[in-house]
Structures are given as C-alpha cells and as structure tokens.
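Enquirer: Based on what follows, work out the 3D shape:
(one chain, ligands or ions: 2)
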Amino acid sequence: MNEPHNGYINNRVLKIQVGFLLNEGVGQSRDMEFDVPRLRVADDLTLHYLRGSLRLMHNSRGILVQGTLHTSIQGECARCLSDISVELDVPIEELFVYPPQPDAEFCVADSGVLDLGPLLREETILDTPIGALCKSDCAGLCPNCGKNLNEGPCDCERNEIDPRLAALKALQEEMQKK
Ligand SMILES: [Zn+2]
Ligand SMILES: [Zn+2]
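Expert: Ligands and ions are numbered 1, 2, ... in the order given. You can find the predicted model right below:
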C-alpha cells in the first residue's frame with residue numbers, strides 16, 4: 001500500500017442528475033454503470049474502487065435504485081490489527097422520494113439531483129464484515145507483549161517458564177529446611 005493518499009475521485013460522481021428521468025413517464029428506467037477508481041465517499045470512508053451497475057426506475061413515489069456495487073475498503077485484521085483490503089459486494093435497493101419530503105430518509109432534491117453518497121456510505125459500513133483476517137492462519141498478537149506473531153515468536157514463552165522454575169526452586173528450598 002504505497003499509493004499516495006491524494007488523487008481520490010471526489011464524491012460528486014455519486015450525485016446523479018435524474019431530472020430527465022423524472023420528466024419521462026412513470027415506469028421508465030435507466031441503467032448506470034460505475035467503474036471508478038479510489039473514491040472518497042465521505043470523510044470517514046474511502047473506497048479503493050467502485051464497480052457495478054444500478055437500475056434507476058421512475059415510479060409513482062420517486063426513483064427506485066436497485067443493483068449491486070462491488071468495492072474494496074481498507075480494514076484491519078481482527079487478530080493482528082494489520083491493514084487489509086476487504087472486498088465487498090454492496091446490495092442497493094432504496095427509494096429516493098420525489099418530490100422531496102422532510103420525513104423521507106432519501107430524496108431526490110428539487111434540482112433533480114439524486115445523491116448516492118450517504119446511502120452508499122451506510123450500506124458499505126453495514127456490509128463490512130466483523131472479524132476479517134489478513135490470512136486464515138493469522139497468528140495474531142501476543143496477548144502479553146503485543147508483538148505480531150506472524151513476524152516470529154516473541155520472548156514471552158521464556159519468561160513464562162521463569163515463574164515455574166522459581167516455584168520449583170522455592171519448593172526445593174522448603175524441602176531442604178526440613
Ligand atoms: Zn492478521
Ligand atoms: Zn509476547
């Protein structure tokens with residue numbers, strides 16, 4: 001991961017002008033293809049890429065968005081905490097209400113812009129698996145010293161023997177007294 005942290009695509013690409021579709025009759029639809037590299041969806045979410053297709057359907061309540069998007073985000077190995085890429089298939093099925101209503105979670109704006117950003121952020125976070133590993137046999141961190149055991153053993157095992165030797169020594173001393 002030596003990629004520079006600049007050069008991300010702005011989340012403006014997720015603001016889709018659907019005015020033309022609203023002007024067409026109910027029942028009309030459009031398919032939208034996504035193939036975007038490194039996309040900053042929000043301050044707390046950057047995608048390594050975004051691919052897939054969505055169908056935008058004009059129905060009586062607004063625009064119904066359906067499809068599956070494929071992406072990859074940076075995550076953390078649940079055992080050793082190293083950075084990993086997590087591949088995700090994000091299913092999308094949401095109604096964007098039009099005209100906009102204050103009590104609807106997702107709306108098409110009066111300007112005809114449908115902003116996929118907040119929905120994509122929510123769905124991506126929901127679909128992020130808990131407990132992803134860098135590899136299936138990740139050795140994890142030593143619970144005692146915190147060393148990443150994938151890089152080799154730590155010194156804790158030797159230290160663990162010491163208390164036992166100490167106990168044995170104490171026992172020997174005890175026996176010698178008698
Ligand atoms: Zn790991
Ligand atoms: Zn250790």
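Enquirer: now the helices for the protein?
Expert: Here the chain has its helices, by DSSP state H, at 19-23, 117-127, 156-177.
Enquirer: Dump the ones you listed to a markdown table, plus distance to Tyr49 and mean pLDDT.
Expert: C-beta coordinates here come from the backbone N, C-alpha and C atoms, glycine included. As requested, these are exported to a markdown table (distance: least, C-beta to C-beta, whole Å; pLDDT from 0 to 100):
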| stretch | distance to Tyr49 | mean pLDDT |
| --- | --- | --- |
| helix 19-23 | 26 | 96 |
| helix 117-127 | 12 | 95 |
| helix 156-177 | 40 | 70 |
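Enquirer: ranges for the strands of this protein?
Expert: For the chain, the strands defined by DSSP state E occupy 15-17, 29-42, 45-59, 62-76, 83-97, 113-115.
Enquirer: Which one of the ones you listed lies nearest to ligand 1?
Expert: Closest to ligand 1 of those, according to C-beta to the ion: strand 83-97, at 7.4 Å.
Enquirer: is that closest one anywhere near ligand 1?
Expert: No: Strand 83-97 lies apart from ligand 1 when judged by C-beta under 5 Å from the ion; the minimum separation is 7.4 Å.
Enquirer: so that strand versus helix 117-127, what angle?
Expert: Comparing the axes of strand 83-97 and helix 117-127 via axes from the mean of the first three to the mean of the last three C-alpha atoms, to 10 degrees yields an angle of 130 degrees.
Enquirer: which strands and helices sit next to strand 83-97?
Expert: Under the contact criterion of 3 or more C-beta pairs under 8 Å, 6 or more residues apart in numbering; DSSP states H and E, strand 83-97 touches strand 45-59, strand 62-76, helix 117-127.
Enquirer: Contact partners for the residue nearest the centre of the chain?
Expert: For the chain, the residue sitting closest to the mean C-alpha position, by C-alpha atoms, centre = their mean, is Thr128 at 4.4 Å. If a contact means C-beta atoms under 8 Å, 6 or more residues apart in numbering, then Thr128 has 73, 75, 86, 88 as its contacts.
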